[in-house]
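S.K.: just to be clear, the model below is a prediction. Sequence and coordinates:
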2 protein chains.
Amino acid sequence: MTTNQKIATRKPLSSARVLQAAVALADEAGLEAFSMRGLAQELGVVPMALYKHVANKEQLLDRMVDIVFSEIELPPGDLDWRSAMQRRAISTRDALKRHSWAIGMMESRHPGPANLRNHNAVMGCLREAGFSFELAIHAYSVQDAYIYGFALQENDLGFETPDSAGEAAQRRAETIGALENYPYLVEIVTKLPESGYDSAVEFAWGLDLILDGLDRLRREA
Amino acid sequence: MTTNQKIATRKPLSSARVLQAAVALADEAGLEAFSMRGLAQELGVVPMALYKHVANKEQLLDRMVDIVFSEIELPPGDLDWRSAMQRRAISTRDALKRHSWAIGMMESRHPGPANLRNHNAVMGCLREAGFSFELAIHAYSVQDAYIYGFALQENDLGFETPDSAGEAAQRRAETIGALENYPYLVEIVTKLPESGYDSAVEFAWGLDLILDGLDRLRREA
DNA sequence: ACTATAGGTGTACGATGTACACTTGTCAAG
DNA sequence: CTTGACAAGTGTACATCGTACACCTATAGT
């Protein structure tokens, strides 16, 4: 046989396969632990093989971020602007929850096609709903700041990776010990768990507040 | 002389000095370029010398973040809650602008004393202004999501480091070339620069929107 | 005067991104 | 059928990073 076992055993690499594996690896390992060498291993290949399909790690990250953008639902054209914004906001949060490594990079990297399509569609939805240019910019800015900021916090607070549970518990103990002087933090720590806190509900609450405010301003104009 | 020149020349290290130099270095070099070795060099010392004053890089980062927290003004007690929140929000944004490396880490690290004091004071301000526990939690959540999210975006968009200007310009050209299909992005690119966009104004706008909404809800309750 | 200790040094190891030179498997043109 | 170009994968090597560990040295307390 002319083809050796390895090649018979595994499919050949491709940009798409590398990208997909990269996202999967980042999803489960986190951004810290995401390395070219680890990715290569996951693909059963030597590290340098990746560079035949990707320029370098930076560009790979750019593309990974654009994959996340591609998973975000565009504001549906058949809904009123408020519902459309709600849908795309929730979809964004969901995507960032699935790919929390991406949170800090969504706006900082060379924008890919999915990114451009998304921004264009959101802005378009607002403009066509009657928002003036200035108001649309404001509206876009608040919403995205809120969405990304919420994702950031949510990600940080659900900090409890399974293996760091012990350490986390100990830190909690230290912190709670030092909490005597902070009555309002004590209140949070004691009341919040028993209040059935749900971060999806929390997200929707703040989103509604913002959308309500925008709606008022839009009607005034 | 018993003390050799080196020691006579430079002050001895200390936790505080290391911390201060670390923040300064991160401020001007960015988080990517911030390394223990670089920090040691800045202090005129061998890398391992730092470890006599700091446990490791992670803990150093924890402390650096708490320094940033310490620069944030607490909500002034002599103002109505809305003004107090406005003050501390703007102060937070200012601190994050000065130390943009900290943006992604403000909530994800082991909380230091300044962090605890800040959170306690903000929550206390709301509660004492008559916010119910639930409403105070909501109010806190929206505000901080907005503040950190805005800082994140602002930091990303002002991406133009001096030496990357050429590259940035080229990328801009590429992007604009590909912008034909995105009319609303074209509108932004053309109208925004000539509209005298000011990010401080933008920040205040969104903040007002949120605080107005919160005020309404508080009065209803 | 002696000795414990705190602060600074030097060397070394494993991990990372990736440059560069190489093999090899495939396919088109002669 | 040969040839030779080319795309894909390999192997070695280097700079840089965080930091473990053993060592030196100057000062302070007895």
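M.R.: Ah, there it is.
S.K.: please name the residues that touch residue A:13.
M.R.: A:43, A:45, A:49-50, A:52-53 (Cβ atoms under 8 Å, 6 or more residues apart in numbering or on different chains). Any C-beta I mention is one placed from the backbone N, CA and C, and that applies to glycine too.
S.K.: C-alpha coordinates for stretch A:213-221, CSV please?
M.R.: Presented in CSV, the C-alpha positions along stretch A:213-221 are these (Å, rounded to 0.1, in the frame of the first residue of the first chain):
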residue,chain,number,x,y,z
GLY,A,213,-34.9,53.6,28.3
LEU,A,214,-34.1,53.5,24.7
ASP,A,215,-37.7,53.1,23.7
ARG,A,216,-38.7,56.1,25.6
LEU,A,217,-36.0,58.2,24.0
ARG,A,218,-36.9,57.0,20.6
ARG,A,219,-40.5,57.9,21.0
GLU,A,220,-39.7,61.3,22.2
ALA,A,221,-37.7,62.0,19.0
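S.K.: quick one: that stretch near chain B?
M.R.: Yes - under the criterion of Cβ under 8 Å from any Cβ of the partner chain, chain B is reached by stretch A:213-221 at A:213-214, A:217.
S.K.: counting only helices, which of these make the cut?
M.R.: A:213-214, A:217 (DSSP state H).
S.K.: against residue A:83, how distant is residue A:77?
M.R.: Using Cβ to Cβ, to the nearest Å, residue A:77 is found at 11 Å from residue A:83.
S.K.: on that earlier part again, and which of the ones in helices among the residues of stretch A:213-221 next to chain B is nearest residue B:68?
M.R.: Using Cβ to Cβ, residue A:213 comes nearest to residue B:68 of those, at 29.2 Å.
S.K.: as JSON lines, the ones in helices among the residues of stretch A:213-221 next to chain B with neighbour count, pLDDT and distance to residue B:70 would be great.
M.R.: JSON lines is the format used below for these (neighbours: other Cβ atoms under 10 Å in any protein chain shown; pLDDT from 0 to 100; distance: Cβ to Cβ, whole Å):
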{"residue": "A:213", "neighbour count": "21", "pLDDT": "98", "distance to residue B:70": "32"}
{"residue": "A:214", "neighbour count": "23", "pLDDT": "98", "distance to residue B:70": "35"}
{"residue": "A:217", "neighbour count": "16", "pLDDT": "97", "distance to residue B:70": "36"}
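S.K.: from chain A, which residue is nearest to chain B?
M.R.: Closest contact between chain A and chain B, by Cβ to the nearest Cβ, is at residue A:149 (2.5 Å).
S.K.: for that residue, give its distance to residue B:118.
M.R.: Applying Cβ to Cβ to residue A:149 and residue B:118 gives a distance of 16 Å.
S.K.: ok so, going back, between residue A:77 and residue A:83, point out the one with more neighbours.
M.R.: Remark: of residue A:77 and residue A:83, residue A:83 carries more neighbours, 13 against 10, as counted by other Cβ atoms under 10 Å in any protein chain shown.
S.K.: right, is whichever strand or helix holds the more buried one up against chain B?
M.R.: Using DSSP states H and E, residue A:83 falls within helix A:81-98. No - using Cβ under 8 Å from any Cβ, we find that helix A:81-98 stays clear of chain B, coming within 10.7 Å at best.
S.K.: packing partners of that helix?
M.R.: helix A:113-128, helix A:133-157, helix A:199-220 (3 or more Cβ pairs under 8 Å, 6 or more residues apart in numbering or on different chains; DSSP states H and E).
S.K.: stretch A:43-57 spans what distance, first to last residue?
M.R.: 16 Å (Cα to Cα, to the nearest Å).
S.K.: so what touches that stretch?
M.R.: Against stretch A:43-57 from outside (Cβ under 8 Å, 6+ apart): A:10, A:13-15, A:17-19, A:21, A:36-37, A:39-40, A:60, A:63.
S.K.: now do the buried residues in that stretch.
M.R.: A:43, A:45, A:50, A:54 (16 or more other Cβ atoms under 10 Å in any protein chain shown).
S.K.: near DNA strand D, which residues of chain A?
M.R.: Proximity of chain A to DNA strand D, by Cβ under 7 Å from any atom of the strand, involves residues A:6, A:12-14, A:45-49, A:52-53.
S.K.: for residue B:104, see how far away residue A:114 is.
M.R.: In terms of Cβ to Cβ, residue A:114 sits 22 Å off from residue B:104.
S.K.: ok, now residue A:66?
M.R.: The value you get for residue A:66 to residue B:104, if Cβ to Cβ is used, is 20 Å.
S.K.: residue A:137 too?
M.R.: 25 Å.
S.K.: now swap in residue A:157 and tell me
M.R.: 14 Å.
S.K.: out of these two, which sits in the more crowded spot?
M.R.: Neighbour count, other Cβ under 10 Å: between residue A:157 and residue B:104, residue B:104 has more, with 21 against 11.
S.K.: secondary structure class for the closest residue to that one other than its chain neighbours?
M.R.: In this structure, residue B:104 finds its nearest non-sequential neighbour in residue A:104, 4.6 Å apart by Cβ to Cβ, 6 or more residues apart in numbering or on different chains. With DSSP: H, G, I helix; E, B strand; the rest coil as the basis, residue A:104 sits in helix.
S.K.: OK, contacts around residue A:104?
M.R.: A:152, B:103-104, B:152.
S.K.: same thing with residue A:14?
M.R.: residue A:53.
S.K.: so the residue sitting nearest the centre point of chain A versus residue A:197, what's the distance?
M.R.: When Cα atoms, centre = their mean is applied to chain A, the residue found nearest the centroid is residue A:96 (2.1 Å). As judged by Cβ to Cβ, residue A:96 and residue A:197 stand 19 Å apart.
S.K.: rewinding a little: tell me which of the contacts of residue A:13 is nearest to residue A:125?
M.R.: Of the contacts of residue A:13, the one sitting nearest to residue A:125 (Cβ to Cβ) turns out to be residue A:53, at 35.6 Å.
S.K.: what residue ranges in chain A score low on pLDDT?
M.R.: For chain A, applying pLDDT under 70 flags the ranges A:1-10, A:158-177.
S.K.: hmm, back to that, contacting residues for the residue nearest to the centre of chain A?
M.R.: Residue A:96 sits in contact with A:68, A:102-103, A:106, A:147-148, A:151, A:155, where contact means Cβ under 8 Å, 6+ apart.
S.K.: dump these to CSV, plus distance to residue B:208 and neighbour count.
M.R.: Shown next, in CSV, are the contacts of residue A:96 (distance: Cβ to Cβ, whole Å; neighbours: other Cβ atoms under 10 Å in any protein chain shown):
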residue, distance to residue B:208, neighbour count
A:68, 31, 23
A:102, 30, 24
A:103, 26, 23
A:106, 25, 26
A:147, 19, 24
A:148, 20, 26
A:151, 23, 26
A:155, 27, 18
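S.K.: with that, I have no additional questions.
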